[in-house]
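Enquirer: predicted model follows, preceded by the sequence.
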Amino acid sequence: TYTFNILIRGFCKNSMVDEGFRFYNQMVESKCDPDVVTYNTLMDGLCRVGKVKIAHNVMEGMNKKTRDVKPDVVTYTTLVRGYCMKQEIDEALAVFKEMVDRGLKPNDITYNTLIKGLCEAQKVDKIKEVFEGALGGGGFTPDTCTYNTLLNTHCNAGNLDEALIVFEKMMELKAQPDSATYSVLIRHLCKKEDFVRAEKFFDELFEQKILVNDDGCTPLVAAYSSIFEFLCKSGKTDKADRVFRQLMKRGTQDP
RNA sequence: CGGAGCUUAUUUUAUAC
């Protein structure tokens, strides 16, 4: 079953849900029992190509099956995200509610997913509700991911000042900013040609050794791209050179 | 005999064209 699941995931991640289902059928033929993970994976695949309704049906199917496959937190989170991606926030909220009603406890990922959707739909009041613990029975603590979402939302809306406030709040609350945090900030500061502040963050980024650390936090190429662009534009070629060397020395998976 | 195991869901998608 594991093997099939892994295989199916491979196809689903590449927008080849149909192939995924082919293996699902084969799985059944070989008397391997699909489990929650199998269904969740397929559902995610469906959502990624915009077939949220079908994904929803899959979940209904899981409900009907008397076997021990039952929708879990991941199932619901996947579906919430699916609806968010289609900008159908009301559906997303409905799914979320159904989950809570059924006694399933949303986790951080569920909340973060929902918050992202609410940001895109500009449902500010709803976001507040989530933060105040009014939705889903509380127990939600915003993490780095949550703040990154808020940060990015403000940036996209052009509210850089708001974004910086979020950043400071992160510091206050000891939510470690990660490479995504900085990469977003720097990129947007560059876009605004605010090189002074961009460089400040850039230096900070290096001091904190966020990029250098190898505990699985792989700096993304995107982060470097904007950094280089910025360094070159502002004539700090020497610095760019230094950073580049460091990058090469570490070896990267990505050119 | 007992135990363990990152199979699934969340934030950033850059430059150039």
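Expert: Arrived safely. For clarity, every value in this text was computed on a predicted model and none was experimentally measured.
Enquirer: just checking, next helix/strand downstream of the lowest-mean-pLDDT helix or strand in chain A?
Expert: Taking mean pLDDT, DSSP states H and E as the measure, chain A has helix A:221-233 as its least confident helix or strand, at a mean of 73. Next in sequence after helix A:221-233, counting helices and strands by DSSP states H and E, comes helix A:237-250.
Enquirer: circling back to that earlier point, what helices or strands is the least confident helix or strand of chain A leaning on?
Expert: helix A:179-191, helix A:195-207, helix A:237-250 (3 or more C-beta pairs under 8 Å, 6 or more residues apart in numbering; DSSP states H and E). Where C-beta positions appear, they are placed from N, C-alpha and C, glycine not excepted.
Enquirer: got the angle for it vs helix A:179-191?
Expert: Orientation of helix A:221-233 against helix A:179-191 (axes from the mean of the first three to the mean of the last three C-alpha atoms, to 10 degrees) gives an angle of 30 degrees.
Enquirer: using CSV, list the CA coordinates for helix A:221-233.
Expert: Output in CSV follows, covering the C-alpha atoms of helix A:221-233 (Å, rounded to 0.1, in the frame of the first residue of the first chain):
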residue,chain,number,x,y,z
VAL,A,221,16.6,30.2,-5.6
ALA,A,222,14.0,32.9,-5.6
ALA,A,223,15.5,34.4,-2.5
TYR,A,224,18.9,34.6,-4.1
SER,A,225,17.6,35.9,-7.4
SER,A,226,16.1,39.0,-5.9
ILE,A,227,19.1,39.4,-3.7
PHE,A,228,21.4,39.4,-6.7
GLU,A,229,19.2,41.6,-8.6
PHE,A,230,19.3,44.1,-5.8
LEU,A,231,23.0,43.9,-5.2
CYS,A,232,23.8,44.5,-8.8
LYS,A,233,21.3,47.3,-9.2
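Enquirer: quick check: buried residues in that helix?
Expert: A:223, A:224, A:226, A:227, A:230, A:231 (16 or more other C-beta atoms under 10 Å).
Enquirer: so which of these comes closest to RNA strand B?
Expert: Minimum distance to RNA strand B across those is 4.4 Å, recorded for residue A:226 (C-beta to the nearest atom of the strand).
Enquirer: which non-adjacent residue is nearest the closest one?
Expert: residue A:187 (4.3 Å; C-beta to C-beta, 6 or more residues apart in numbering).
Enquirer: can you tell me how far the one you found sits from residue A:132?
Expert: From residue A:187 across to residue A:132, the span is 31 Å (C-beta to C-beta, to the nearest Å).
Enquirer: higher neighbour count, the two?
Expert: Just comparing residue A:187 and residue A:132: by other C-beta atoms under 10 Å the higher neighbour count belongs to residue A:187, 20 against 10.
Enquirer: list phi and psi for residue A:35.
Expert: Residue A:35 has phi and psi values of phi -120, psi -170 when expressed as degrees, to the nearest 10.
Enquirer: what pLDDT does it get?
Expert: pLDDT, residue A:35: 94.
Enquirer: what residues are up against it?
Expert: Shown in contact with residue A:35 (C-beta atoms under 8 Å, 6 or more residues apart in numbering): A:1, A:5, A:69.
Enquirer: report the contact partners of the first one.
Expert: Residue A:1 makes contacts with A:27, A:32, A:33, A:34, A:35, A:38, as judged by C-beta under 8 Å, 6+ apart.
Enquirer: tell me which of the contacts of residue A:35 fall in strands.
Expert: Residues of the contacts of residue A:35 located in strands (DSSP state E): none.
Enquirer: contacting RNA strand B as well, which ones from the residues you listed?
Expert: Applying C-beta under 7 Å from any atom of the strand to the contacts of residue A:35, one finds that A:1, A:5 fall near RNA strand B.
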